[in-house]
Every structure is written in C-alpha cells, then in structure tokens.
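*Asks:* Predicted model, plus sequence, below.
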Amino acid sequence: MSGDLDRKREQIAQAGREALADIQRASVEASAAVVRVVEQQTGLTLTAVKPSVMDAHFPELARMERQAAAYVEAMRVVRQWMLPGDPRPLGELMPELLEDVREAIADNLVRAGLS
C-alpha cells in the first residue's frame, strides 16, 4: 500500500515539475515577444531579466544593505520564537506571538522587501 502511495505522490510531483517547466518556458517566450514588439515599434530595447548586481551603483547597493540588515533583524526575532526544526511555516506561528513581536517581524520583513 505504501509503495502505491509513494508512486502516486512521485507521479504528482513529476507532473508538477513538468507543469512548472512549461510555465517558465512560456513566460520566457512571452517576455521575448514583448521585447521584440516594443523594439520593433519604438526602437527601444527592454530588459526582460533583472539586471546583474554587478551593474548596481552605490545607492542601489546601500538599499540592498539596508534590506539585508532588516532581514537579519527579522531573523533575530524569529529565532527567539521558532526552532530550526519547527514544522510550521512562519505564517502559522505569527498569530500565536505577542503583538509587538509580530509587528517587529512584519516591519523588518517589509523593510527587507520580502513581504
């Protein structure tokens, strides 16, 4: 019985992986089409991918530094309430936390650009 369940789960997971790959391919193709149309109609070339961090100027790097510091602070607070082996995601834990703790975590995640 367990073997059948494991095979079924793996089939579902494989179908999911294939569906995600199809979506990613379609997204890349659609993005390329948009870039082509805009370039043909305006002469402007859009960037369809995020620029490399190596192209960042100092203000962008400073923003990233602030975001990273906010993420570190959020994790400092989370570590006081969540163990590494905790099976619950953060969203399930948050309602159980004190209001000021929830706010500290949420505020820092927002400043980190993650929420």
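*Replies:* Looks like it came in fine.
*Asks:* which SS state does residue 45 fall under?
*Replies:* coil (DSSP: H, G, I helix; E, B strand; the rest coil).
*Asks:* And for it, the neighbour number?
*Replies:* When neighbours are counted by other C-beta atoms under 10 Å, residue 45 registers 10. The way it works is simple: take the backbone N, C-alpha and C, and place the C-beta from them, glycine included.
*Asks:* if you skip the residues just before and after it, what's nearest to it?
*Replies:* Distances taken as C-beta to C-beta, 6 or more residues apart in numbering place residue 39 nearest to residue 45, at 5.3 Å, with adjacent residues excluded.
*Asks:* Repeat that for residue 88.
*Replies:* residue 82 (7.8 Å).
*Asks:* Go ahead and confirm the one you found touches residue 90.
*Replies:* Yes. With contact defined as C-beta atoms under 8 Å, residue 82 counts as touching residue 90 (7.1 Å).
*Asks:* any idea how far residue 74 lies from residue 62?
*Replies:* 19 Å (C-beta to C-beta, to the nearest Å).
*Asks:* still on that earlier bit, would you mind confirming that the residue nearest to residue 45 makes contact with residue 32?
*Replies:* No. Using C-beta under 8 Å, residue 39 is not in contact with residue 32, being 10.5 Å away.
*Asks:* need the contact list for the nearest residue to residue 78 once chain neighbours are set aside.
*Replies:* Spatial nearest neighbour of residue 78, excluding adjacent residues (C-beta to C-beta, 6+ apart): residue 105 at 6.1 Å. Going by C-beta atoms under 8 Å, 6 or more residues apart in numbering, residue 105 touches 74, 77, 78, 90, 94, 97.
*Asks:* export the helix or strand harbouring residue 105 as CSV, just CAs?
*Replies:* Taking DSSP states H and E as the definition, residue 105 sits inside helix 99-111. Below are the C-alpha coordinates for helix 99-111, written out as CSV (Å, rounded to 0.1, in the frame of the first residue of the first chain):
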residue,chain,number,x,y,z
GLU,A,99,1.6,41.8,19.1
ASP,A,100,4.9,43.7,19.4
VAL,A,101,6.8,40.6,18.3
ARG,A,102,4.5,40.1,15.2
GLU,A,103,5.0,43.8,14.4
ALA,A,104,8.7,43.6,14.7
ILE,A,105,9.0,40.6,12.4
ALA,A,106,6.5,42.0,9.9
ASP,A,107,8.0,45.5,9.8
ASN,A,108,11.5,44.1,9.2
LEU,A,109,10.3,41.7,6.5
VAL,A,110,8.6,44.7,4.8
ARG,A,111,11.8,46.8,5.1
